[in-house]
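# The following comprises the amino acid sequence and a computationally predicted model.
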Amino acid sequence: MGGRSRASAGGGRGRGANRSYDSPYASAGRLVGAHISTGKGLKSLAFGPSSDGAPVSKASYAIAAKTIQNLPDIEGALDLPASVEGEGGGTLRGAILGKGSRDVGLSYVLLYETMYGTGRLRAGGAAARAIRPHAPQLRDVAPTAHAPTPVIRFPRYVRANALRTGASAAAGMLGESGTVYADALVPDLLVMAPGTDLHGHPSADSGHVVLQDKSSCFSALALAGGEGVPFDCIDACAAPGNKTVHLAALLGGRGGGGGGPVPVIYAFDRDGARAEILRKRVKQFVPSGAGATASVEVIHGDFLKSDPADSSFAKVRGILLDPSCSGSGIVNQPGRTPGREETGQKERLEKLSGFQLVALKHAMSFPQCEKIVYSTCSLHGEENEAVVAAALGEHNDALNDGEKKWRLTSPRCLHGWSRRGRNGVAAKGGGKGLSNEETLCLVRADPFEGDQTNGFFVAYLEREVAGGSEPDVTAVPIEIPEDLEVYDGQFNSSLPQKSQKETKSHLPARNEGNLDKNKIEMVGYVQQKEAQSGQSNKAQEAPPAAKGVKKAAKKKEWKIKQRIAREARQKKKKAAAPDKKKSGRPVSK
């Protein structure tokens, strides 16, 4: 949006131009223009380190969010032939946007207002004057365009910060805000109703709970959740810090302090503003001083420039790498347009995956490191399977005789998560992709396929051990507090239901033939071997009806076991204290 913003937004120095520049339209236009040109999320553009510092009103933010959510409709309308003759070669795009001299962001805001709002453009200068002659046609085509993409909603997830409190105590703190359940997969993760607003809640401000999406917890859990002994690790792209403090909670609760060595997390971020945000977050959630069970050292620097041979990292055994990505899996925030093919997306994915590959290979070069988690909040195979396949191939092929190779392993703490990696994705650069067995080790979350969380990808890599022994794939048992009920879809009735056709209309391109393989449930190493030998193909080829019956039977059996275990615990508790009255809890069940 080059040039002077006042002239470009208003088209001149007249009264209309000033009104446009000072109105919420102009501020919203700047946000929309930045989103179109950079692909960044609206929240980051308005309030994050990448914002221009100008205050953004609620009205401007709301207008920008609605405009971005309807960009596919607007783009489709602009490609239609103009019913009113004018400049631009006959299309609405040419007639309204002209030769690119107008403020594109403001034009899109005014187009949204024309198509879906009141249609009365009381400001906007030259951009509004270009739109007004075509307003009747724009309003006519708006209802026939595809429906606006809604913000996908799922439960509010809250992680109890184990460094300050337990899950039961945290649930008690949150009980007045609504019903609280325990997540069945992620330890210390609590589940509340969709839309529960906990920003500014005392338990969050005091560092007792962390507002963190479920899939975002997978990275730290894969790296440190199955460990019995604490270890030092690196968080390579740490800010804003949710995964960093989760690592600290997982490692700090496993023998850190108490006379033993305190695990250290070296948290990198090359941006000064983001590093400062990280420091504040660490101070809020990770206790320091005497009695501390974990330590976080924030490093304002570029992980790619770090020296693997630096003695400071001599005890580092694990690296968490969650690099910059397209963010295509984040679908529950305003300003996100799920599945939309953005202008220049191919070039952007090429640049991002190039950086991701370099970063992963650098992590592999730390000689003392034994495990790496590579994760993204992207749904694109180019940033996920393609990067992992290329890194494994290029790094392992360059090793000398006797040097230990890296290999993919199924994360022990995530065996209960069914969605796995995508088959048929070539390595970045066109090389050989991952094998079927390797994709079974990967973890994916996909909100378009019914996962009640944002899209995510996790690859857990281990260095081969001496003698070539098989990795430990024993599932790690999950401890659920006795006084909390496990979440089993109790909020489903409050979530919007989409038909299969509606859901797939927003999906990015993918190999539909491999969807069933992507859903293979990983419970242990036996299933991996069965899939490799082809024995599990029979289950994959079963008709959909049979699959549904089998899944329902398993779910019913699990519920019965849970009920029996719960009754046994209650009976034991009652026998131990027969005269003690049951105390009330602020948590609904």
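Thanks, I have the structure now.
# what is the mean pLDDT for stretch 358-377?
For stretch 358-377, the mean per-residue pLDDT is 96.
# Check which residues of it are buried.
Residues of stretch 358-377 classed as buried under the neighbour-count rule (16 or more other CB atoms under 10 Å) are 359-364, 366, 369-377. For glycine as for every other residue, the C-beta is placed from the backbone atoms N, C-alpha and C.
# Out of those, name the ones that lie in strands.
Mapping those onto strands (DSSP state E) picks out 371, 372, 373, 374, 375, 376.
# Turn the residues you listed into JSON lines, including distance to residue 482.
Below are those laid out as JSON lines (distance: CB to CB, whole Å):
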{"residue": "371", "distance to residue 482": "32"}
{"residue": "372", "distance to residue 482": "36"}
{"residue": "373", "distance to residue 482": "31"}
{"residue": "374", "distance to residue 482": "36"}
{"residue": "375", "distance to residue 482": "32"}
{"residue": "376", "distance to residue 482": "36"}
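# Which single one of the residues you listed is nearest to residue 459?
For those, the minimum distance to residue 459 (CB to CB) is 4.6 Å, reached by residue 374.
# From residue 77, how far out is residue 217?
Distance of residue 217 to residue 77, computed by CB to CB, to the nearest Å: 41 Å.
# who's more crowded, these two?
Neighbour count, other CB atoms under 10 Å: between residue 217 and residue 77, residue 217 has more, with 27 against 24.
# nearest spatial neighbour of that one, skipping sequence neighbours?
Distances taken as CB to CB, 6 or more residues apart in numbering put residue 186 closest to residue 217, at 4.8 Å, once the chain neighbours are dropped.
# my read: the one you found touches residue 216, true?
No. Contact between residue 186 and residue 216 fails when scored by CB atoms under 8 Å: they sit 9.8 Å apart.
# Between those two, tell me which one has more neighbours.
Neighbour count, other CB under 10 Å: between residue 186 and residue 216, residue 186 has more, with 27 against 23.
# Quick check: which element contains that one?
Here residue 186 sits in a region with no helix or strand, counting by DSSP states H and E.
# residues touching it, list them.
159, 214, 217, 218, 221 (CB atoms under 8 Å, 6 or more residues apart in numbering).
# Strands - which of those land there?
The strands, defined by DSSP E, take in residue 159 from the contacts of residue 186.
# got any ranges where the stretch 151-300 of the chain has weak pLDDT?
Applying pLDDT under 70 to the stretch 151-300 of the chain flags residues 151, 227-228, 253-259.
# Now do the strands in this protein.
Secondary structure of the chain (DSSP E): strands located at 156-160, 181-182, 189-192, 209-211, 232-235, 264-269, 295-300, 316-321, 371-376, 406-408, 443-445, 456-463.
# Figure out which of these is closest to residue 247.
Comparing the strands of the chain against residue 247 with CB to CB, the closest turns out to be strand 264-269 (5.4 Å).
# Pairing partners for the closest one, with directions?
strand 232-235 (parallel), strand 295-300 (parallel) (DSSP bridges).
# And stretch 273-280, what's buried?
Within stretch 273-280, the residues scored as buried using 16+ other CB under 10 Å are 274, 275, 277, 278, 279.
# Please name the residues that touch the last one.
Pointing back at residue 279 there. By CB under 8 Å, 6+ apart, the contact list for residue 279 reads residue 298.
# The spatially closest residue to residue 203 that is not a sequence neighbour: what's it in contact with?
Take residue 203 and drop its neighbours on the chain: the residue closest to it by CB to CB, 6+ apart is residue 173, 4.1 Å away. Residue 173 makes contact with 165, 202, 203, 208, 209 under the criterion CB under 8 Å, 6+ apart.
# Which of those fall in helices?
Among those, the ones falling in helices (DSSP state H) are 202, 203.
# ok, back up a step: hey, which of the strands paired with strand 264-269 is tucked in deepest?
strand 232-235 (a mean of 27; mean count of other CB atoms under 10 Å).
# ok now that one, how far from the chain's centre?
Put simply, strand 232-235 sits 21 Å off its chain's centre (CA atoms, centre = their mean, to the nearest Å).
# Keeping just the C-alphas, turn it into CSV.
Only the C-alpha atoms of strand 232-235 are listed here, as CSV (Å, rounded to 0.1, in the frame of the first residue of the first chain):
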residue,chain,number,x,y,z
ASP,A,232,18.4,-29.9,29.8
CYS,A,233,16.9,-28.9,26.5
ILE,A,234,16.6,-26.1,23.9
ASP,A,235,13.4,-24.3,22.8
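# Can you give the contact residues for that strand?
Identification of contacts with strand 232-235 by CB under 8 Å, 6+ apart yields 223-224, 243-244, 247, 251, 263-268, 303, 306, 313, 315-320, 322, 363, 366.
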